[in-house]
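Trainee: build me a model:
(2 chains)
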2 protein chains.
Amino acid sequence: MDLLINLDPDSELGLQHQIRQKIVEAILSGIIPAGQRIMSSRKLAKQLNVARNTVVLAYNQLVDEGYLESRERSGLYVNQQILNGRVSYAAEKSKAGNIQERWSSKIKIIGVGHQRHIWPGDWQNHPYPFIDGYFDASLYPVAQWQEASRLAFGGLQARQLHAESDADDAMLVEEIRTKILPRRGINAGHQEILITSGSHHALYLLANLLTDSTTVVSMEDPGDPALRSCLALTHCKIRPQPIDENGMIVDERLDKSQIVYVTPSHQKPTGVTMPLERRKLLLEKVSHRDQILIEDDSESERNYFGNPKPAIQSLDQDDRVIYISALPKAIAPGLGLGFIVASPTLIAEARRLRRLMVGNPPRSNQRTAAFFISLGHYDAFMVRIHKVFSQRWNALRDALNHYLPQSILTLPNQGGTAFWVKCPSGVSVEKLVQNAGKHGILIEPVGDYYSRPEEQDHCDEQACFRMGVTSIDQTAIRDGVEKLAQLIRELSGNQQKTLEQISQTPLSGEQIFNQLAGATLICKTVYGAPCTIELRADGKMLGRAGHADEEYDQGRWWIENDIWYRQWESWAYGEQAGYYITIENEQISWFNQNGRLVDTAIIKLAPNHNSKLV
Amino acid sequence: MDLLINLDPDSELGLQHQIRQKIVEAILSGIIPAGQRIMSSRKLAKQLNVARNTVVLAYNQLVDEGYLESRERSGLYVNQQILNGRVSYAAEKSKAGNIQERWSSKIKIIGVGHQRHIWPGDWQNHPYPFIDGYFDASLYPVAQWQEASRLAFGGLQARQLHAESDADDAMLVEEIRTKILPRRGINAGHQEILITSGSHHALYLLANLLTDSTTVVSMEDPGDPALRSCLALTHCKIRPQPIDENGMIVDERLDKSQIVYVTPSHQKPTGVTMPLERRKLLLEKVSHRDQILIEDDSESERNYFGNPKPAIQSLDQDDRVIYISALPKAIAPGLGLGFIVASPTLIAEARRLRRLMVGNPPRSNQRTAAFFISLGHYDAFMVRIHKVFSQRWNALRDALNHYLPQSILTLPNQGGTAFWVKCPSGVSVEKLVQNAGKHGILIEPVGDYYSRPEEQDHCDEQACFRMGVTSIDQTAIRDGVEKLAQLIRELSGNQQKTLEQISQTPLSGEQIFNQLAGATLICKTVYGAPCTIELRADGKMLGRAGHADEEYDQGRWWIENDIWYRQWESWAYGEQAGYYITIENEQISWFNQNGRLVDTAIIKLAPNHNSKLV
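Mentor: Predicted structure coming up:
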């Protein structure tokens, strides 16, 4: 019997649990036949070299459970009873090849929801997972969740009441009603709330309740692929509605739809936020045309730059907005808990459909989440991840600014967890994503988000990829971006000519000094904000960035054998960097030591400048 | 501040937790404004009359979570930060009456899955809940589930791996594969198993994957209403297939279908079991016609009379059987975990559809269930509920035998958790169910199980109700049945004429003795099994029941002023009962003290009988 028990010192399980598992396995699999006498605890303890009491406790538990029975003065035996009610009989399957075809031909829904891009299952083993929406283990509030779970199971019996009905856990509904919805300005009654297994579930329920082949639904483009798949199942018509930096554009293209789906607080997937004015405009429009508005707020947790906009639902006086949200996935692994806020009539039907599908989300989870919220872990958690996310997000922005100048497409103005990065023309996103993956850098092509993915790769303005920060450790961000930039340079190498190749000669040290002393450089940050750099003759350097100069830094510049060096206090990681310089007309360009172009800017000469042109 | 904190001594929560909850509530709701100094722990402890340390611990936790901040030498203050990111804005909803109509007109699926019968939410407060499929709190293995849950959360981080992929928890799949499926003779690979949120979820997935308006599905009649509703959603044609005491009848009526749905091991809802021969016949038939067979085994846990039949799936060599089952609901409250075993091709598509709907069942639950099984709690639990169920089931059978003779329609021969009880003709099931409910007796009308519910109430052979034992305490069963019988007598009172009304005179004491001494009574048990009672002249009484006389009892009979008394040792609860007797031709009838008929039997006179006819 010692053969089958080998204890794993590194296991998360205690010795006693391991011993029990192994013995149960051995009994059920018949390795120890029923009726056989098993080794004395003393002997087994000796063999496994564990405290005897450990084995005794394991044995006792197994006796209580009926796996072992003790016989007067002769020890413990495997109990037949536990093996009753088993049949052992299994026909050999004919592995005929035609079987797969047969099935494919019988399945009505093939490939719906198929994604072109799927993250590797072992993403956590990649050094640079820039995945938006996945969460690294450090974010999970393990201890707090365990506490809530312990409490939830504590009062189990008390809560058998209603355990079979359609009703959701009253405590969770109340917590959502009084602690979560008010954050969004929403004030709802119990009968207006339905708990779902995450926001996907909510979308699926609504798609099935409200759409069929005759329905027209407007949704953002780019937009949530999950919704597009749900709507594909109901064969309704989808009208892609373009977005701008203020989220979904509100215009006459929405007029023909019965349903408008929008993610105003944190647009999926760009993360831009819709201003209050546009929200009001949208609400007017749908009310005027008797349309249904589905407001998906499930990523609002990603916003963290203060003064949030109230949910559209909170502005709705006419009860035509359906509000969807979810508890942050990072609360517990694989926990999906979301909720719908809508008219009681709709909620009642959604509840009925939910019963047919899956029934209520497991009540024990609901109650655990309720305790998690009521003990204050939820709000504390939000504050914490907002801090973490904004740090990571700024780190990514700075890294992109440093290594991939002017590559960011949109800048979510309420904070966010991802950037849309422009892929240099000539570099195929597909190819870049693949190559990056090989180097442990996980970035996301955005094709799946577009209504016509096939086009996006060619259409320049859409040739983007997405980089997120929810899954990557802060310390890995700079490194990852540097490696990615390197990769992009390689892929677009042919374009990036060196100084020699374009047969230009950089300025001499003296020329550099004459041109730059007292000059001002005008450039753009990675996210398109203006940035001016003042180069004083005394070697001091002042930098201002942002539309309101909100960012400021200073540093020094100097020249060593025809190379222009600069070093900021904090910008560019406060590291010194040296470049070759060329100036043509008003454009200054700097090149790295290999003579490859790094960035350009407009140079304004100092008024008192004695121009000796080169 | 003492106002808002009142501790509940009966709460399942400790004092420290209650204090935290209340303070969090007060802060988030603004009752204690941000920046306000809160009462010292000493003062609050005094006020609430709890140990100071309790308050200190609560305060510390709140400081850690950022609700309170301590200021040098001046105490604790409510931290503004925690309140950031809130909007408080909620438009007054116009409660226009037309809103409900508006919604109803926009919802495409109205009332699908509507049940005529719904159990009261507070069923546990009823003294006699004869509900099949609900579970009284005593059945939940609370401690074992808590242990498993503790372990599942213990290694949380370790299991973040894959946490975002479509894959199910590998440990649970393995436990099902190696410990649960073998019980049913099934041997399946990982890629042939999909975890679902209960068996409903499995049915819903399969209905959506395999059926549309062109599909014909054969299902048992009576059968599972949940499936009927799912199929209604896909608009496919349902062919009701009648059942007999061996489950679904296998004949040419199945030929026209593409899919056959069957519950062979424990027919939903009658609980009868299909013999091996019929299973093989069915499998042949579907293979021959290239049909898909969906085998729903999710109630097999209700069988407990040993030698179970192997699942049809285990006999299938041609990979055309889809096997559905579920973990017993009673393992954890509201926990829905089921699984589908089928061809990898189908499983892959089901997995994709599942992602669109709800994603995986929460991984923490999956892992908890996995530990529950691997530690042996699952098999121990099965043994335990089988014991409990069979005791309750026998108790119900005996009670029905005693108070409602010959009322049982079918007798599941593999054990079960419910009986179908015939309603005396003339008594409306609808009316009986309602009246019983008023007396705290919950029984189920079976209309919902039939394809044409409207007919069943009139059609005599279907005028039944259902009584289950999973939810009622053993000790309440007899009482409940007695009260129910009383109710039935009242409802059918008009038919049950008394001796006077039918102007018959019962036999005198002497006549009774002459007729019964040495006679044998031949009757039937409540479930139709033969039963003979031998009346010895010396007052001894011998009873044999069952097709093989498997049941035996003895007792005594005697006569006191024209009333015939009998008392069994164990039958009829070993209680003495006295009856008036009439005999006509070969039929003996006994009447209770009020002169109402109780039961009849055939009487065979002793050979040596000196017949002085009355």
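Trainee: drop to CA atoms for contacts and neighbour counts, all remaining ones
Mentor: Noted.
Trainee: host element of the residue lying closest to residue A:591 once chain neighbours are set aside?
Mentor: Once flanking residues are discounted, residue A:591 sits nearest to residue A:597: 4.3 Å by C-alpha to C-alpha, 6 or more residues apart in numbering or on different chains. Here residue A:597, judged by DSSP states H and E, is contained in strand A:597-604.
Trainee: neighbouring strands of that strand in the sheet, and parallel or not?
Mentor: Under the criterion DSSP bridges, strand A:597-604 sits next to strand A:520-524 (antiparallel), strand A:587-591 (antiparallel) in its sheet.
Trainee: could I get that strand in PDB with only the CA atoms?
Mentor: Listed next in PDB are the C-alpha coordinates belonging to strand A:597-604 (Å, rounded to 0.1, in the frame of the first residue of the first chain):
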ATOM      1  CA  LEU A 597      15.900  58.100 -37.200                       C
ATOM      2  CA  VAL A 598      14.500  58.300 -33.700                       C
ATOM      3  CA  ASP A 599      12.100  61.300 -33.900                       C
ATOM      4  CA  THR A 600      11.700  64.700 -35.400                       C
ATOM      5  CA  ALA A 601      10.500  68.100 -34.200                       C
ATOM      6  CA  ILE A 602      10.000  71.600 -35.400                       C
ATOM      7  CA  ILE A 603      12.800  73.900 -34.300                       C
ATOM      8  CA  LYS A 604      12.200  77.600 -33.700                       C
END
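Trainee: contacts only, for the residue nearest to residue A:591.
Mentor: A:496-499, A:589-591 (C-alpha atoms under 8 Å, 6 or more residues apart in numbering or on different chains).
Trainee: against chain B, how distant is it?
Mentor: For residue A:597, the distance to chain B equals 40 Å [C-alpha to the nearest C-alpha, to the nearest Å].
Trainee: one more: residue A:264?
Mentor: 15 Å.
Trainee: picking that back up, and the buried ones among the contacts of residue A:597, selectable in PyMOL?
Mentor: A single PyMOL command is used to select the members of those judged buried by 16 or more other C-alpha atoms under 10 Å in any protein chain shown:
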select buried, chain A and resi 496+498+499+589+590+591
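Trainee: export the contacts of residue A:597 to a markdown table and append columns for pLDDT.
Mentor: Converted to a markdown table, those look like this (pLDDT from 0 to 100):
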| residue | pLDDT |
| --- | --- |
| A:496 | 64 |
| A:497 | 70 |
| A:498 | 76 |
| A:499 | 79 |
| A:589 | 90 |
| A:590 | 88 |
| A:591 | 89 |
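Trainee: and of the contacts of residue A:597, the nearest to residue A:26?
Mentor: Set against residue A:26, the nearest of those by C-alpha to C-alpha is residue A:496 (65.8 Å).
Trainee: residues near residue A:189, how many?
Mentor: For residue A:189, the tally of surrounding residues (other C-alpha atoms under 10 Å in any protein chain shown) stands at 14.
Trainee: check residue A:491 too.
Mentor: Around residue A:491 there are 18 other residues, counting by other C-alpha under 10 Å.
Trainee: swap in residue A:8?
Mentor: By the criterion of other C-alpha under 10 Å, residue A:8 has 11 neighbours.
Trainee: just the element for it, please.
Mentor: With DSSP H and E as the test, residue A:8 turns up in no helix or strand.
Trainee: do you know how far it is from chain B?
Mentor: For residue A:8, the distance to chain B - C-alpha to the nearest C-alpha - is 15 Å.
Trainee: in contact with that residue, which residues?
Mentor: Going by C-alpha under 8 Å, 6+ apart, the list of residues near residue A:8 is empty.
Trainee: where in chain A is pLDDT low?
Mentor: Scanning chain A for pLDDT under 70 picks out the ranges A:1-4, A:85-97, A:155-164, A:306-307, A:333, A:411, A:453-462, A:493-496, A:547-549, A:606-614.
Trainee: sorry, back to before: tell me which of the strands paired with strand A:597-604 sits nearest to residue B:191.
Mentor: strand A:520-524 (52.5 Å).
Trainee: other SSEs contacting the next helix or strand after the closest one?
Mentor: Proceeding N to C from strand A:520-524, the next assigned helix or strand is strand A:530-535, under DSSP H and E. Counting contacts by 3 or more C-alpha pairs under 8 Å, 6 or more residues apart in numbering or on different chains; DSSP states H and E, strand A:530-535 packs against strand A:520-524, strand A:540-545.
Trainee: may I see the ones you listed organised as TSV, with distance to residue B:421 added?
Mentor: What follows is these, written out as TSV (distance: least, C-alpha to C-alpha, whole Å):
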stretch	distance to residue B:421
strand A:520-524	83
strand A:540-545	83
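Trainee: angle of the strand holding residue A:597 against strand A:530-535?
Mentor: 80 degrees (axes from the mean of the first three to the mean of the last three C-alpha atoms, to 10 degrees).
Trainee: tell me the buried residues in strand A:597-604?
Mentor: For strand A:597-604, the neighbour count (16+ other C-alpha under 10 Å) marks A:597-598, A:600-604 as buried.
Trainee: which one of the residues you listed sits closest to residue A:466?
Mentor: residue A:598 (22.5 Å).
Trainee: domain map for chain A?
Mentor: Domain assignment for chain A by automatic domain parsing gives A:15-78, A:139-375, A:382-492, A:499-604.
Trainee: tell me if the first one is near chain B.
Mentor: Yes: under the criterion of C-alpha under 8 Å from any C-alpha of the partner chain, domain A:15-78 makes contact with chain B via A:17, A:20-21, A:24-25, A:28-29, A:65-67.
Trainee: among those, who's most crowded?
Mentor: In terms of neighbours by other C-alpha under 10 Å, these top out with residue A:67 at 26 neighbours.
Trainee: quick one, what contacts that residue?
Mentor: So residue A:67 contacts A:24, A:27, A:78-79, A:82, B:380 (C-alpha under 8 Å, 6+ apart).
Trainee: make it 7 Å
Mentor: Counting by C-alpha atoms under 7 Å, 6 or more residues apart in numbering or on different chains, residue A:67 makes contact with A:78-79, A:82.
Trainee: take those residues and write them to JSON lines, including secondary structure.
Mentor: Conversion of the contacts of residue A:67 to JSON lines gives the following (DSSP: H, G, I helix; E, B strand; the rest coil):
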{"residue": "A:78", "secondary structure": "strand"}
{"residue": "A:79", "secondary structure": "coil"}
{"residue": "A:82", "secondary structure": "helix"}
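Trainee: turn those residues into CSV, including distance to residue B:269 and neighbour count.
Mentor: Listed next are the contacts of residue A:67 as CSV, based on distance: C-alpha to C-alpha, whole Å; neighbours: other C-alpha atoms under 10 Å in any protein chain shown:
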residue, distance to residue B:269, neighbour count
A:78, 36, 23
A:79, 33, 21
A:82, 27, 22
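Trainee: nearest to residue A:142, of those residues?
Mentor: Ranked by distance to residue A:142 (C-alpha to C-alpha), those are led by residue A:82 at 36.0 Å.
Trainee: for the residue nearest to the closest one when sequence neighbours are not counted, what are phi and psi?
Mentor: Excluding the flanking residues, the one nearest residue A:82 by C-alpha to C-alpha, 6+ apart is residue A:67, at 6.0 Å. Per-residue torsions, residue A:67: phi -80, psi -40 (degrees, to the nearest 10).
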